[in-house]
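In: everything below, folded, please.
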Amino acid sequence: MKTGLQLKHLIFLNMRIIDDFLNNITMYRLILYYLLVLAIVALIYSIFGVLPFNFLNLIFSFLFITSVSWLCNVTFAEIFKVPTNLESVYITSLILFLIISPARHTHDLFFLGWIAVISEASKYIFALKKKHIFNPAAFAVLLTYFVLNQSASWWIGTASMFPFVLIGGLLLTRKIKRFDLVLSFLMVASLTIIFFTLGKRTDLATILKKTYLDSPILFFAFVMLTEPLTTPGTFDLRVLYGAITGFLFAPQLKLGLLTTTPEIALVLGNIFSYLVGSKEKLILTLSQKIKINPDSYDFVFNLVDPPKFNPGQYMEWTLGHQSPDSRGNRRYFTISSSPTEKNIRIAVKFHENGSSFKRRMLEMNVGDKIVASQITGDFTLPKDTGKKLVFVAGGIGITPFRSIIKYLSDTNEKRDIVLLYSNKKDEDVVYRDIFDEGVKKFGLRVIYIATETQGRIDSTLIQKQIPDFKERTFYLSGPHMMVISFEEVLSSLGLSKGQIKVDYFPGY
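Out: Numbers count the residues shown, from 1 in each chain. This next block holds a predicted model:
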């Protein structure tokens, strides 16, 4: 019994260490490191003959692909007057490196160069409303097949690379919380492959071995399928997207005379994702920068025709600046304005030793531009208007609730909502006027907590202030440790996981 408890404690401790690591690294930086590890492992394997590639050929191919991709990205960014994303260049280059056999002859360089050019062009030229539709690597490989009759070997899909692909892929999926997408893809792909193969002198064990150890299915699922900009933004659509792509992934499937390949499956899946998902990529001009408390600002961007979104959703924001630090030039911020307002508003908290992105953002003046794309997120109101809700916000985590409450006030929609808003000091409270309006318009109940004088929100406070808490769904938004702590409080009160909804950014 004691050994079991010790093991459970050890697992819990290790998971907390993993979560701490994941919470201190951006999504894009994690995937970059993951791909670099795979590339280094491949280089080591080539030295010892585990992979059938020459070490120097691998090195040269990677440098060639990266150089061409970097040059094209800089050129396209200058032509289209948008910020460059160097992380994106290196990520795409590494993906191409891991799925295309290295050049062995001079004429192979034309193939590699063509793919590098097309992959970068797909982000700028092959786009609608400034938003690229296709996974860049998959689109480049597919177009190259039709034009040059050459394709990717997907050599990453080997048994020797399997452990590294799996471990890193699980970390990445945990970071971006896309197990729904990955599992729906893997389940449908596996069932489709088994359906077409089982009984044809092949047993189930052999099918599964070939599917998972001798194919790129895991790399495809963890790295390419989950790319945020080509993925639907809500749970139901993600699951459907994964299922469609999984069905098309089966190599035994034929579309007319065409046998499906991973790149065909993903490009067709991307078309579905584009049709059902967010299509906006906006170049926004700052119209107001408002200090809302001692260390936070509202950034307001006026629009004649604001994009459609649900209150509580977020966008990816790209701000070009000189010498970005390790966190890059992209962030996710909740849209704090309501769909009823003629602007897009975000609130940002600044720290003394903030990132280069935050420092550049703080320097923004009226008239400066920023790129916003990919409206997404499930942290939205339930369809059932009769559900009782509790909004729990810590600090700047109040932003999705500002959007929701403003929307309810403007539309005169009645909801039974209690807002618990926690800050260190009273002076840190923001949007008090919006919440006062909610009190008058639809009966919002607001409880402000200043932790410096009143302490943290705990089970005693909840039981006292919200006697019917067991009938309610709790929405949590704020600093990561606050959210974890509050989840534990709610669990101790007997609430189920289905009654707890957590705000989440894939790159935060």
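
In: which regions of the protein sit below the pLDDT cut-off?
Out: 1-16, 129-130, 505-508 (pLDDT under 70).

In: relative to its centre, which residue of it is most distant?
Out: No residue in the chain sits farther from the centre than R201, which is 41.5 Å out by Cα atoms, centre = their mean.

In: specify the local secondary structure of that residue.
Out: In three-state terms, and counting by DSSP: H, G, I helix; E, B strand; the rest coil, R201 is coil.

In: same deal with I344?
Out: Assigned with three-state DSSP, I344 falls in the strand class.

In: that one touches D298, doesn't it?
Out: No - I344 lies out of contact with D298 (Cβ atoms under 8 Å); the separation is 11.0 Å. In this view, the C-beta of every residue, glycine as well, is placed from N, C-alpha and C.

In: state the distance from the residue farthest from the centre of the chain to A152.
Out: From R201 across to A152, the span is 28 Å (Cβ to Cβ, to the nearest Å).

In: so how many other residues sit close to the nearest residue to L128 once chain neighbours are set aside?
Out: Once flanking residues are discounted, L128 sits nearest to K279: 6.7 Å by Cβ to Cβ, 6 or more residues apart in numbering. K279 has 17 neighbours, counted by other Cβ atoms under 10 Å.

In: K279 contacts H132, doesn't it?
Out: No - counting by Cβ under 8 Å, K279 stays clear of H132, with 11.0 Å between them.

In: in stretch 196-209, which residues are buried?
Out: Neighbour-count burial for stretch 196-209, counted by 16 or more other Cβ atoms under 10 Å, picks out T197, I207.

In: typed the wrong thing, it's stretch 89-105
Out: 89-103.

In: out of these, who's nearest A121?
Out: T92 (11.4 Å; Cβ to Cβ).

In: what number of residues lie near T106?
Out: 7.

In: assumed it was part of a helix.
Out: No - T106: not assigned to a helix; according to three-state DSSP it is coil.

In: any idea how far F64 is from it?
Out: Taking Cβ to Cβ, one finds T106 at 11 Å from F64.

In: could you do Y212 as well?
Out: Between Y212 and F64 the distance is 31 Å, computed by Cβ to Cβ.

In: domain map for the chain?
Out: Residue ranges for the domains of the chain, per automatic domain parsing: 22-276, 281-376, 388-502.

In: quick one: those as TSV, columns for distance to P382 too.
Out: Below are the domains of the chain laid out as TSV (distance: least, Cβ to Cβ, whole Å):
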stretch	distance to P382
domain 22-276	13
domain 281-376	11
domain 388-502	7
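
In: returning to that earlier point: any idea which of the buried residues of stretch 89-105 is closest to E452?
Out: Closest approach between those and E452, by Cβ to Cβ: I91, at 42.5 Å.

In: got the contact list for the closest one?
Out: I91 makes contacts with Y28, I31, L32, L35, as judged by Cβ atoms under 8 Å, 6 or more residues apart in numbering.

In: repeat that with 6 Å
Out: Listed by Cβ atoms under 6 Å, 6 or more residues apart in numbering, the contact set of I91 reads I31, L32.

In: can you name the next helix or strand after whatever helix or strand it lives in?
Out: Element membership of I91, judged by DSSP states H and E, is helix 86-99. The C-terminal neighbour of helix 86-99 among helices and strands, as given by DSSP H and E, is helix 108-124.

In: next, the angle from that following helix to helix 86-99.
Out: Helix 108-124 runs at 140 degrees relative to helix 86-99, counting by axes from the mean of the first three to the mean of the last three Cα atoms, to 10 degrees.

In: report the buried residues of helix 108-124.
Out: Of the residues in helix 108-124, 108, 111-124 count as buried by neighbour count, 16+ other Cβ under 10 Å.

In: with the residues you listed in mind, which one is nearest to V430?
Out: For the buried residues of helix 108-124, the nearest to V430 is K123 (35.9 Å; Cβ to Cβ).

In: the closest one touches F134, doesn't it?
Out: No - taking Cβ atoms under 6 Å as the definition, K123 is not a contact partner of F134, at 9.2 Å.

In: now do the strand or helix carrying A189: which elements does it pack against?
Out: A189 belongs to helix 179-197 when assigned by DSSP H and E. Contacts defined by 3 or more Cβ pairs under 6 Å, 6 or more residues apart in numbering; DSSP states H and E place helix 179-197 against helix 204-212, helix 235-249.

In: mind listing residues that contact the shortest one?
Out: Contacts with helix 204-212, where a contact means Cβ under 6 Å, 6+ apart, come from I193, I194, T197, I217.

In: just want the angle from it to helix 179-197.
Out: For helix 204-212 against helix 179-197, the angle by the same axes, to 10 degrees is 130 degrees.

In: which stretches in the stretch 1-150 of the chain count as strands?
Out: 127-128, 131-132 (DSSP state E, counting those that start in this stretch).

In: can I get those in JSON lines with mean neighbour count and distance to F55?
Out: Formatted as JSON lines, the strands of the stretch 1-150 of the chain follow (neighbours: other Cβ atoms under 10 Å; distance: least, Cβ to Cβ, whole Å):
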{"stretch": "strand 127-128", "mean neighbour count": "12", "distance to F55": "37"}
{"stretch": "strand 131-132", "mean neighbour count": "20", "distance to F55": "34"}
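
In: the longest helix anywhere in the chain packs against which elements?
Out: For the chain, the helix reaching the highest residue count under DSSP state H is reported as helix 55-80. Applying 3+ Cβ pairs under 6 Å, 6+ apart, one finds that helix 55-80 contacts helix 27-47, helix 86-99, helix 108-124.

In: which strands and helices sit next to the last one?
Out: Taking 3+ Cβ pairs under 6 Å, 6+ apart as contact, the helices and strands that helix 108-124 lies on are helix 55-80, helix 136-148.

In: just the residues contacting the shortest one, thanks.
Out: The contact list for helix 136-148 (Cβ under 6 Å, 6+ apart) reads 92, 95-96, 114-115, 118-119, 122-123, 150-152, 263, 266-267.

In: can you check stretch 301-319 too?
Out: Defining contact as Cβ under 6 Å, 6+ apart, one finds that stretch 301-319 is touched by 83, 280, 284, 287, 329-334, 338-339, 343-344, 357, 360-361, 370-375, 377, 379-380, 400, 403-404, 407.

In: I am finished for the moment; much appreciated.
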